[in-house]
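1. Requesting a structural model of the entry that follows:
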Amino acid sequence: MIYRIDSFTENNINPVTNYEYDSSWVVLMLTDSDKYQKLVGSQNGCTYTVKISRAKCKDWIMAVGDFISFYKKQSKNAILVMSETDYTAVQTHYKGHSYNDSFLRENEPAVLIHSTPINNWKQIKQDGALKSWNKLKSEKAIFEEIPIGAQLGDPSDFSDYIMFGSGITCEIILNSKQKREIIMDADSEYITGARLYFDAEKIAKAGLLIRDGCHLKVKDTLPLTPYLVWTATWDNIGLENQTSTPRIFSERADITFNNLFKK
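-> Numbers count the residues shown, from 1 in each chain. So this is what the prediction gives:
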């Protein structure tokens, strides 16, 4: 069910039920913050909360629409903190769209990036596919107790999906996995892995691209063929060794990719 309310306090009491949240609830807050485009997490015992700023996020209407569309499909209970006017604007503008539109939208990236440790890349090549954390866990291919996203308050079902990003974010995540804590320092040294570049349009046309309002992702498994375009590793982007920083590795990899494929 979708519930719209005008105001909201981030704590452990659900304003709809007046009881503590269970895992079936998510929250979206539409804000006017100038500090972020989108912000996710959980504060003061509140359930998983997505904040989207109208001031910073140009496609906020589509993002809110995707959030509603996705969580309706997941049969989640969603609380929308926004005015009736904004909610009506979203419903009007989003009409005819879905969280899994089988085409790439005008403002979506042509390339989706996923970074992984080098040993994982060897297994991915052997499998011929990229797999979600839960898929790998079910196959006993990993032995982590919890994924790194749990530290950010990500719901457990996030691990059913392969998450994609762009720029430095993917390397920040990889560095954090190595350090077993969230490391936001872009100049922190880490052991570089493999940075995989995927064709977003092909993924969308196959009906595999999922939008939840904050992330672009694929559920369970993504075959490398025909979606993988190129893979960056330290030795094919001109680094002297495998040790680098998220900033240097992502920038050098993206430059190399653009030189090779964006003629």
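2. Show me the shaky parts of the stretch 51-200 of the chain.
-> For the stretch 51-200 of the chain, residues meeting the criterion pLDDT under 70 lie at 143, 145-153.
3. Tell me how many other residues crowd the closest residue to residue 103 other than its chain neighbours.
-> Nearest residue to residue 103 in three dimensions, chain neighbours excluded: residue 204, at 5.7 Å (C-beta to C-beta, 6 or more residues apart in numbering). In short, each C-beta sits where N, CA and C put it, glycine included. Look at residue 204: counted by other C-beta atoms under 10 Å, it has 21 neighbours.
4. go on, the one 10 residues further on?
-> Residue crowding around residue 214 was assessed by other C-beta under 10 Å; the count is 18.
5. what does residue 237 give?
-> Residues near residue 237, counting by other C-beta under 10 Å, number 19.
6. ok, it - contacts?
-> Residues near residue 237 by C-beta atoms under 8 Å, 6 or more residues apart in numbering: 249, 252, 253, 255, 256.
7. swap the cut-off to 6 Å and go again
-> Residue 237 makes contact with 252, 253, 256 under the criterion C-beta atoms under 6 Å, 6 or more residues apart in numbering.
8. Out of those, flag the one nearest to residue 82.
-> Proximity of the contacts of residue 237 to residue 82 (C-beta to C-beta) peaks at residue 253, which lies at 38.1 Å.
9. measure the closest one to residue 178 for me?
-> As judged by C-beta to C-beta, to the nearest Å, residue 253 and residue 178 stand 17 Å apart.
10. Same check on residue 261?
-> Using C-beta to C-beta, we find residue 261 at a distance of 28 Å from residue 178.
11. Centroid-nearest residue for this structure?
-> residue 215 (3.4 Å; C-alpha atoms, centre = their mean).
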